[in-house]
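Engineer: give the three-dimensional model of this entry:
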Amino acid sequence: MWDLNEELSGDGPFPCHTEQPALYCTGRCRKVLYSGPQEAHRFELVDQCRSATDKLVRPTATMRRFGFYLVEFLLCLTTFVSASSSTSAASASALRPVHFAFPALSAAYLPIWVARQSGFFQKQGLDVTVSYIAGNNKLTAAMIGGSIQIGVGGSASVDANARKASDLVFVAATAQRAVASLFSRPETKTVAQLKGKIIATVGKATLTDDAARIILEHQGLSVEEVKFVYTNSVSANLTALITGNVSAAILTAPGTLSARKAGMVEIGNAATTDIPYLHGSIVVLRPYLQSDRETLKAFLRALMEGIRESKRNPEGSIEIMAKYLKSSREALLESYNTFIPYFPNIPEVPPQAIQNVVRLHGLSLDRDAIERMVDNSLVRAIMSETPSK
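Structural biologist: The predicted structure follows:
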């Protein structure tokens, strides 16, 4: 409740005889009337009170106590917010910045996305920026240029090293097989029936091209007995297959789902051949490996937690995948179910995988050069930290 003082008329100024240096006008005055120190201050009306009903009022003791507590609360709140902001800023500044990039919109990189979205990198003291740079060649160029410290590598990285264009080192493998399938038109039931026919892949010496060669080799059909066409994208592979321009095509999830819906037939799967390959490997330039081993170890520790979480929490992982792939629920499930069996608990890089790339691409690299491309010491060091159960 408000206590009304006696009516005040005239233009003022009026002496203040209240206990608190704040008065309020109940009439047309729009502002708190306040001026000067406790005993000496005087106040003036903001607008002249021309009506006899215009009153100057002051708070009761209850209202004064309420105002005091309100001010105290606001001061404490301001201090808390300021301290929290300072703490957050200090914490953020203490994180080590790392720029990471992946070269394709594929569920092969799900463990990285899960680690990023779940805060596993921050848990390891890293502020990781995750970027999409289309194509391994562009990604490698960005790493050489210094804008990317850690990236995804594969057969293109082996080629770059063989040409002396880079000195990339494979430090982990999120998938140790080529996760890609060979689909054919309904009239073709087996790989052997592709003899003399056309197979679509994205490009020479790409993952899809290597997957086709792995499947053919595993089924005993020579690559010289088929013809290859290069379409530049997996979606173009699918279109060429459905329209009948080719007899078979290499597809990756979720394109495999669309192929089955269109009546196409899966006649080969490179991942199930059990031939080691580099699909989604983590690579760094050698100087970075030498100068930032602890940062890299922290990154791989978070990655390994991302692998475990991807397997442990399918629904959460699919939700995270949706942020990157923008696909339907059905397509996301196809991608998840296709890749999840090939995420290793211990993501070491199989040297045999690099040897297979060298063989498939016809490169001239000796054993020492191949072994120099692999450094599993960080993954092994992390595994030694993990208490046995």
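Engineer: which residues are in contact with the helix or strand harbouring Ala200?
Structural biologist: Assessed by DSSP states H and E, Ala200 sits inside strand 198-201. The contact list for strand 198-201 (CB atoms under 8 Å, 6 or more residues apart in numbering) reads 182, 208-209, 211-212, 226-231, 236-237, 240-241, 245-250. Backbone N, C-alpha and C define where each C-beta goes, glycine included.
Engineer: what's the next helix or strand after that strand packed up against?
Structural biologist: Next helix or strand after strand 198-201 toward the C-terminus (DSSP H and E): helix 207-219. When contacts are defined as 3 or more CB pairs under 8 Å, 6 or more residues apart in numbering; DSSP states H and E, helix 207-219 packs onto strand 181-184, strand 198-201, strand 227-230, strand 248-251, strand 265-269, helix 351-361.
Engineer: still on that earlier bit, distance from the strand holding Ala200 to the middle of the chain?
Structural biologist: 32 Å (CA atoms, centre = their mean, to the nearest Å).
Engineer: partner strands of that strand, with direction?
Structural biologist: strand 227-230 (parallel), strand 248-251 (parallel) (DSSP bridges).
Engineer: now the first one - C-alpha only, CSV.
Structural biologist: Taking Å, rounded to 0.1, in the frame of the first residue of the first chain, the C-alpha atoms of strand 227-230 are listed here in CSV:
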residue,chain,number,x,y,z
LYS,A,227,35.0,-51.0,-68.5
PHE,A,228,35.0,-48.1,-66.1
VAL,A,229,33.2,-44.8,-66.5
TYR,A,230,33.8,-41.9,-64.1
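Engineer: gap between it and the chain center?
Structural biologist: Distance, stretch centre to chain centre, for strand 227-230: 34 Å (CA atoms, centre = their mean).
Engineer: and it, what's buried?
Structural biologist: By neighbour count on 16 or more other CB atoms under 10 Å, the buried set for strand 227-230 is Phe228.
Engineer: C-terminal to that strand, what's the next element?
Structural biologist: Downstream of strand 227-230 (by DSSP H and E), the next one is helix 234-242.
Engineer: what of the last one?
Structural biologist: Past strand 248-251, heading to the C-terminal end, the next element that is a helix or strand (DSSP H and E) is helix 255-261.
Engineer: which strands or helices does that next one pack on?
Structural biologist: Helix 255-261 packs on strand 181-184, helix 234-242, strand 265-269, helix 329-339, going by 3+ CB pairs under 8 Å, 6+ apart.
Engineer: please save the CA atoms from the shortest one in CSV.
Structural biologist: Once non-C-alpha atoms are left out, strand 181-184 reads as follows in CSV (Å, rounded to 0.1, in the frame of the first residue of the first chain):
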residue,chain,number,x,y,z
SER,A,181,28.9,-51.7,-52.3
LEU,A,182,28.6,-52.8,-55.9
PHE,A,183,25.1,-52.6,-57.2
SER,A,184,23.9,-53.9,-60.6
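Engineer: relative to that strand, what are the paired strands and their orientations?
Structural biologist: Taking DSSP bridges as the criterion, strand 181-184 sits next to strand 248-251 (antiparallel), strand 265-269 (antiparallel) in its sheet.
Engineer: deepest-packed of the ones you listed, please.
Structural biologist: Of those, the one with the most neighbours on average (mean count of other CB atoms under 10 Å) is strand 248-251, at a mean of 29.
Engineer: now that one: mean pLDDT?
Structural biologist: The pLDDT scores in strand 248-251 average 98.
Engineer: with just CA atoms, put that strand into CSV.
Structural biologist: C-alpha atoms of strand 248-251 as CSV (Å, rounded to 0.1, in the frame of the first residue of the first chain):
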residue,chain,number,x,y,z
ALA,A,248,26.8,-51.7,-62.3
ALA,A,249,27.9,-48.9,-60.0
ILE,A,250,29.7,-48.4,-56.7
LEU,A,251,27.4,-46.8,-54.1
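Engineer: show me what contacts the residue most central in space within the chain?
Structural biologist: For the chain, the residue nearest the mean C-alpha position is Trp113 (3.9 Å; CA atoms, centre = their mean). By CB under 8 Å, 6+ apart, Trp113 lies in contact with 130, 306, 320-321, 323-324.
Engineer: what subset of these is buried?
Structural biologist: The neighbour count (16+ other CB under 10 Å) marks 130, 306, 320-321, 324 as buried among the contacts of Trp113.
Engineer: tell me which of the residues you listed fall in helices.
Structural biologist: The members of the buried ones among the contacts of Trp113 that map onto helices under DSSP state H are 306, 320-321, 324.
Engineer: tell me the one among the buried ones among the contacts of Trp113 nearest to Glu348.
Structural biologist: Set against Glu348, the nearest of those by CB to CB is Gly306 (16.1 Å).
Engineer: the residue nearest to that closest one when sequence neighbours are not counted: neighbour count?
Structural biologist: Distances taken as CB to CB, 6 or more residues apart in numbering place Ala115 nearest to Gly306, at 3.2 Å, with adjacent residues excluded. The number of residues packed near Ala115 is 30, by other CB atoms under 10 Å.
Engineer: surely Ala115 meets Leu303?
Structural biologist: Yes - contact criterion CB atoms under 8 Å: Ala115 and Leu303 qualify, at 5.7 Å.
Engineer: how about stretch 173-193: buried residues?
Structural biologist: In stretch 173-193, the ones that count as buried by 16+ other CB under 10 Å are 173-185, 188, 191.
Engineer: roughly how far does Ala141 sit from Gly151?
Structural biologist: Look at Ala141 and Gly151: by CB to CB, to the nearest Å, they are 10 Å apart.
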